[in-house]
Structures are given as C-alpha cells and as structure tokens.
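Q: next input, structure requested:
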Amino acid sequence: MEYLIDGYNVLHADPEPFGRLTQAATPAARVKLAETVDQFCTKTRSLAILVFDGHGDPPARGFAKVSVLFSEGKSA
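A: Sure thing, here's the model as predicted:
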C-alpha cells in the first residue's frame, strides 16, 4: 500500500509528539514526522509520499520508505 500524507495537517493535528517541534523548529518537526512515517512504513511494508505546503528543502538524510515533497506554491 502507498500513502499520500499532508505533512502540515498531521503536524498541526496532534500536539504530541510534534506540537513543540512545530512551533520551535519546523525543519526538525518535518524530519521527526518523516522518521515516524518511515518506521511505520517499514513495519507495514508500505510506502508513503509526505507532502508539505510551500517551499522547503528536503531533509538532509534520505528515508527508505518515504519520499518528502514540497508543493512549491502549487494548489490542488
């Protein structure tokens, strides 16, 4: 199975464990979310595309089961 995840919706929906990171360091919150999704996908033998609104740099490290993308101002 492959998941398509709106990253900022997840980060802002659950105050733990991402809430403090979302307010303090958005890049760190994105990495933490990508790590969490990557672990889930590894356990469930699935893949995920994690999309964030706007512009940004992908995490410095790659993830085995997760692709991190930015909308770059595009709208659905």
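Q: after the helix or strand of the chain with the lowest mean pLDDT, which helix or strand is next?
A: In the chain, no helix or strand scores lower on mean pLDDT, DSSP states H and E than helix 15-24, which sits at a mean of 62. As assigned by DSSP states H and E, the chain's next helix or strand after helix 15-24 is helix 26-44.
Q: may I see the buried residues of the helix or strand following that following helix?
A: For helix 26-44, the following helix or strand on the C-terminal side (DSSP H and E) is strand 47-52. Of all the residues in strand 47-52, those buried under the rule 16 or more other C-beta atoms under 10 Å are 48, 50-52. C-beta: built from backbone N, CA, C; applies to glycine.
Q: can I get those in CSV with pLDDT and distance to residue 28?
A: Converted to CSV, the buried residues of strand 47-52 look like this (pLDDT from 0 to 100; distance: C-beta to C-beta, whole Å):
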residue, pLDDT, distance to residue 28
48, 98, 19
50, 95, 15
51, 94, 18
52, 89, 13
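Q: of all the residues you listed, which comes closest to residue 62?
A: residue 50 (12.4 Å; C-beta to C-beta).
Q: in the sheet, who's paired with the closest one?
A: Judged by DSSP bridges, the bridge partners of residue 50 are residue 5, residue 68.
Q: which residues touch it?
A: By C-beta atoms under 8 Å, 6 or more residues apart in numbering, the contact list for residue 50 reads 5, 7, 33-34, 37, 66-69.
Q: just the buried residues of those residues.
A: Buried among these (16+ other C-beta under 10 Å): 5, 7, 33-34, 37, 66, 68.
Q: was I right about residue 55 contacting residue 73?
A: Yes - using C-beta atoms under 8 Å, residue 55 is in contact with residue 73, at 7.0 Å.
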